[in-house]
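Enquirer: okay, predicted coordinates and the sequence, questions at the end:
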Amino acid sequence: MSWRNPGLVGRTITALALLASLSAVGSSANVAVAGADVCEFGEGDLTISDLPAGSSVIKCDAVGRVVTYDDTGLTVPEPGTAVSIDALATDGGTHGFTMEVASDGKVSYDLTQGSDSTDADASDAAAEGAEVADTDALGSTGACSDGAYATADRKEYGTYNWYIGDDGMPGGLSRTDAKWVFYDAIDNITDSYNNCGYSDTVGARANFLSETSYEADINDKSQCTSWDGLSTWDAGDLKGDHVAVTCSRTWPMPGVKNDLREADVRFNTHDHDFTNKPTSSCTNRYDIRAVGTHEAGHVFGLGHVGSGHENLTMFTNSFLCNTKARTLGKGDVLGLRSIY
């Protein structure tokens, strides 16, 4: 029969339990420390894994750094701000994300870029529109029958005041001509322009202010850069497979959609050709007004809709030499009405 000191046994068990507890805490603490407290990342762009949801931009000294996701990126904003990037890509995929930084510096992400809905979920406020149960060659539902839409956490509560930047314009347009083309594209959204019989009940407003020497706050890597306070439309270089990009800055509004403060749009004239008047001989050119209407949809809070919804303005691709995105479909109108 062996003898054991009860006190020693108790202390040993307690020590082992403490060790196990510390080990477990250390394991979870390492995750928190890596993401929020120590923030051990080097120079260059970060990923959302480097600065995960729940981490602090204040503790990590991350304001002004670039965070990348899904072939896009954005500059980490100051606390109390959200930034979104939406890219219209040639692959027809949904590219972009939103980063919101709470007033205490805590990070959260929306990687879905909008909540989907269909006309089954939507109000029948658009019931006066004509129902056209048709499909196109792709088998997609006709624009006036398709009630699908997606909305982002974003709304223009006042008037969207915008500028023309100083870079070359898409399609070789002069800045004056580009102003009118962009103006028309934005009005397609604010006026709910459609051929489905839906009246305009959307209260969104926009106003062109002037030309400016400033550029859209978007770089050639399709990243939202630091903000200059002007909502600028221009053209330049983006990632090769991106046709156009919209970057939006908002102020979080508890219980309602975030308040839009600035939204910039850039057309990728470095890698793609554009035209304002597609003809029967058009090849490999994107219609400026169609792309512009799609981007204006993002400005005013619409997200992308995917496969099966090719006839809607907010479909994830803008087809070459095609003008159909200039005209809103049922889902586009319902999406705007759900916001405004």
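Expert: Nice, I can see it.
Enquirer: ok, residue 334 to residue 151 distance?
Expert: Separation of residue 334 from residue 151 (C-beta to C-beta, to the nearest Å): 10 Å. To be clear about C-beta, it is placed using only N, CA and C from the backbone, and glycine gets the same treatment.
Enquirer: who's more crowded, these two?
Expert: Shown here are residue 334 and residue 151; by other C-beta atoms under 10 Å, residue 334 has more neighbours (26 against 22).
Enquirer: how about low-confidence regions in the stretch 51-200 of the chain?
Expert: Applying pLDDT under 70 to the stretch 51-200 of the chain picks out residues 113-140.
Enquirer: all strands of it, in order?
Expert: Shown for the stretch 51-200 of the chain, the strands assigned by DSSP state E, counting those that start in this stretch span residues 66-69, 72-75, 81-89, 95-101, 107-110, 115-117, 149-151, 159-164.
Enquirer: need the ones you listed in JSON lines (columns: distance to residue 186).
Expert: Output for the strands of the stretch 51-200 of the chain, formatted as JSON lines (distance: least, C-beta to C-beta, whole Å):
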{"stretch": "strand 66-69", "distance to residue 186": "28"}
{"stretch": "strand 72-75", "distance to residue 186": "23"}
{"stretch": "strand 81-89", "distance to residue 186": "16"}
{"stretch": "strand 95-101", "distance to residue 186": "20"}
{"stretch": "strand 107-110", "distance to residue 186": "24"}
{"stretch": "strand 115-117", "distance to residue 186": "23"}
{"stretch": "strand 149-151", "distance to residue 186": "18"}
{"stretch": "strand 159-164", "distance to residue 186": "7"}
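Enquirer: helix, strand or coil: sort out residue 338 for me.
Expert: Secondary structure assignment for residue 338 (DSSP: H, G, I helix; E, B strand; the rest coil): helix.
Enquirer: how near is the residue nearest to it when sequence neighbours are not counted to residue 243?
Expert: Leaving aside its chain neighbours, residue 338 sits nearest to residue 151 (6.1 Å; criterion: C-beta to C-beta, 6 or more residues apart in numbering). Remark: distance between residue 151 and residue 243 (C-beta to C-beta) = 22 Å.
Enquirer: quick check, the residue nearest to residue 338 in contact with residue 339.
Expert: Yes: with contact defined as C-beta atoms under 8 Å, residue 151 reaches residue 339; the gap is 5.8 Å.
Enquirer: name the residues contacting each of the two.
Expert: Taking C-beta atoms under 8 Å, 6 or more residues apart in numbering as the contact rule, residue 151 and residue 339 both touch 301-302.
Enquirer: report how many residues lie close to residue 194.
Expert: Neighbour count for residue 194, taken as other C-beta under 10 Å: 22.
Enquirer: 21 is where my numbering starts, stick with that
Expert: Renumbered: residue one is now 21, and that last one reads residue 214.
Enquirer: need the residues that contact stretch 74-88.
Expert: For stretch 74-88, the surrounding residues in contact (C-beta under 8 Å, 6+ apart) are 55-57, 59, 65-68, 70-71, 93-99, 119, 121, 124-128, 243, 246.
Enquirer: just the buried ones from these, in ChimeraX syntax?
Expert: Of those, the buried ones go into a single ChimeraX selection, burial set by 16 or more other C-beta atoms under 10 Å:
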select :55,56,59,66,68,70,71,93,94,95,96,97,99,119,121,125,126,127,243
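Enquirer: tally of neighbours for the spatially closest residue to residue 100 that is not a sequence neighbour?
Expert: Excluding its sequence neighbours, the residue lying closest to residue 100 (C-beta to C-beta, 6+ apart) is residue 123, at 4.6 Å. Other residues lying near residue 123 total 10 when counted by other C-beta under 10 Å.
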